[in-house]
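Novice: Show me how the following folds:
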Amino acid sequence: MKINILVGAAAYDAGQLKINLDGGDYGSSTVKCNFSDLLPFAGKASKQAVDFFMISAAVYGIDRFVLRRANSVDGWSRELNVVFPVRDPALWKPFKVELSSLLSFLTGDYWEVDFQQGEITLPAADLEDRFNDGLGQVNLFSGGLDSLIGAIKYLEENAGHKLVVVSHYDPQMKGPKGDQKELLDDLNSKYAGRLLSVPSVKVELEKQNKKRETTFRSRSILFIGLGGMVSDALGKSLIVPENGSVSLNYPLSPSRRSACSTRTTHPKVIDGVNVLFQGLGIQTQLSNPFEFSTKGEMVSSLAPYNPEINTLLKSNSCGKRRHDMRKWNPDAKHCGACMPCIYRRAALIQISADKDADYGDRISDLNFYVKKGQDIAACLAFLKHDLSPKEIKQELIINGVSDILKLGPYVALVERTRSELKALFSQIGSPDAKTRAGI
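Specialist: From the prediction side, this is the model:
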């Protein structure tokens with residue numbers, strides 16, 4: 001069933017930005033975000049960068065607004081026809097196909113977008129003096145281990161420059177805001193005056209006549225939209241630090257291609273955003289300096305700087321945080337059973353920082369025949385199956401990689417990722433897990 005949604009022009013009032021979503025017979029909702037701290041950046045950024053942020057916020061709201069399973073055409077994908085308001089529709093219309101393709105790949109749905117005239121009046125606000133000199137780059141900062149490593153490496157390797165970090169959170173997702181604050185406090189104590197954080201932006205659905213969707217993948221485009229507006233205003237590059245293993249999101253089996261939980265920094269997304277930015281005249285470039293690094297290699301790269309292990313452990317990488325189905329340690333922030341947790345454990349165990357107490361479930365206790373153990377069971381089967389470079393290349397192409405020159409380095413990355421995961425199960429896997437992994 002196609003869902004047609006008309007996005008209303010954003011309205012600003014008393015620090016709040018509101019965007020109405022009109023789904024006709026399907027219903028309506030409103031995206032609300034705290035925008036007062038963003039006014040100085042919106043005032044300096046191009047109108048296209050501001051419109052891209054508004055579109056990204058609307059996309060995030062739509063992804064949460066339209067229930068996936070009830071409206072899917074194949075058990076997962078929804079058909080979404082959306083009209084966005086922009087201030088120069090003639091400039092945007094040539095990029096309808098590019099934006100539709102980007103959103104479809106990112107969320108796993110079928111997006112068809114169009115644009116109409118829309119205006120927004122925002123109050124003027126001056127940019128704080130601290131943002132006026134010595135800036136190096138803008139980083140996305142999620143509260144996860146990768147974004148933390150990205151910040152530490154930049155601050156250590158660029159002593160004469162400041163780093164700007166941008167974040168967002170949804171109060172329906174418990175934890176990210178607290179993670180971000182705790183990590184930023186630690187970083188500020190070590191790099192005083194060199195870390196400039198734009199206050200984390202709250203984005204949520206204000207009203208909803210249906211149950212909210214929980215499989216939303218569009219938070220990454222919201223992150224990019226936010227970072228793009230800030231970096232465009234400051235005239236700096238935009239960095240999204242994430243390990244290459246997760247960026248490629250190599251499927252554990254052909255049947256799980258559509259089950260990839262994130263495509264935030266997949267090369268197709270990075271390239272697609274840059275095509276849009278360039279075509280629209282947005283003066284920033286998106287990149288991921290860790291696209292050829294495993295998570296373990298990212299952790300190891302910090303060795304010369306002697307990072308505080310406790311700070312690394314305060315980050316959160318879990319894709320299913322705070323699920324109540326945990327048994328062994330219900331107070332842990334990480335579930336211990338999802339693939340982001342497994343990548344994290346494989347990375348941290350190399351520096352003896354990984355502890356069972358940080359996870360809700362121990363790998364050695366998991367039952368691979370129940371839902372909670374399915375991700376790890378699929379991972380073990382993936383490790384046991386020998387893959388030739390040709391097979392890896394074919395899968396990467398199927399999964400969206402189009403730059404032939406990068407296929408060789410990506411193949412090597414997948415092979416090193418497999419070795420990193422095998423090393424984890426060799427150390428802490430149960431006899432059953434080792435057998436399943438062919439160890």
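Novice: so A332, which of the three states?
Specialist: coil (DSSP: H, G, I helix; E, B strand; the rest coil).
Novice: can you give me the helices for the stretch 251-400 of the chain?
Specialist: Under the criterion DSSP state H, counting those that start in this stretch, the stretch 251-400 of the chain contains helices at 267-280, 295-300, 309-314, 339-348, 374-384, 389-398.
Novice: quick one: which of those helices is nearest S28?
Specialist: helix 267-280 (27.6 Å; C-beta to C-beta). All C-beta atoms are positioned from the backbone trio N, CA, C, and that covers glycine.
Novice: Run the angle between the closest one and helix 389-398 for me.
Specialist: Put simply, helix 267-280 runs at 40 degrees to helix 389-398, going by axes from the mean of the first three to the mean of the last three C-alpha atoms, to 10 degrees.
Novice: Please spell out which residues along helix 267-280 are buried.
Specialist: The neighbour-count check on helix 267-280 (16 or more other C-beta atoms under 10 Å) flags P267, K268, V269, I270, G272, V273, N274, L276, F277, L280 as buried.
Novice: Which one of those residues is nearest to L21?
Specialist: Using C-beta to C-beta, these come closest to L21 at L276, 21.7 Å.
Novice: Next, the buried residues of the host helix or strand of L99.
Specialist: Per DSSP states H and E: L99 is located in helix 96-107. Buried residues in helix 96-107, counted by 16+ other C-beta under 10 Å: L99, S100, S101, L102, L103, S104, F105, L106, T107.
Novice: Using PDB, write out the CA atom coordinates for it.
Specialist: Extracted C-alpha coordinates of helix 96-107, given in PDB (Å, rounded to 0.1, in the frame of the first residue of the first chain):
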ATOM      1  CA  LYS A  96      14.400  13.800  -7.300                       C
ATOM      2  CA  VAL A  97      15.800  10.500  -8.500                       C
ATOM      3  CA  GLU A  98      19.100  10.900  -6.600                       C
ATOM      4  CA  LEU A  99      17.300  11.600  -3.300                       C
ATOM      5  CA  SER A 100      14.700   8.900  -3.800                       C
ATOM      6  CA  SER A 101      17.500   6.400  -4.500                       C
ATOM      7  CA  LEU A 102      19.500   7.500  -1.500                       C
ATOM      8  CA  LEU A 103      16.600   7.200   0.900                       C
ATOM      9  CA  SER A 104      15.500   3.900  -0.500                       C
ATOM     10  CA  PHE A 105      18.900   2.400  -0.100                       C
ATOM     11  CA  LEU A 106      19.300   3.800   3.400                       C
ATOM     12  CA  THR A 107      16.000   2.600   4.800                       C
END
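Novice: quick one: secondary structure of the residue nearest the centre of the chain?
Specialist: When the chain is reduced to its mean C-alpha position, the nearest residue by C-alpha atoms, centre = their mean turns out to be S220, at 4.0 Å. Secondary structure assignment for S220 (three-state DSSP): helix.
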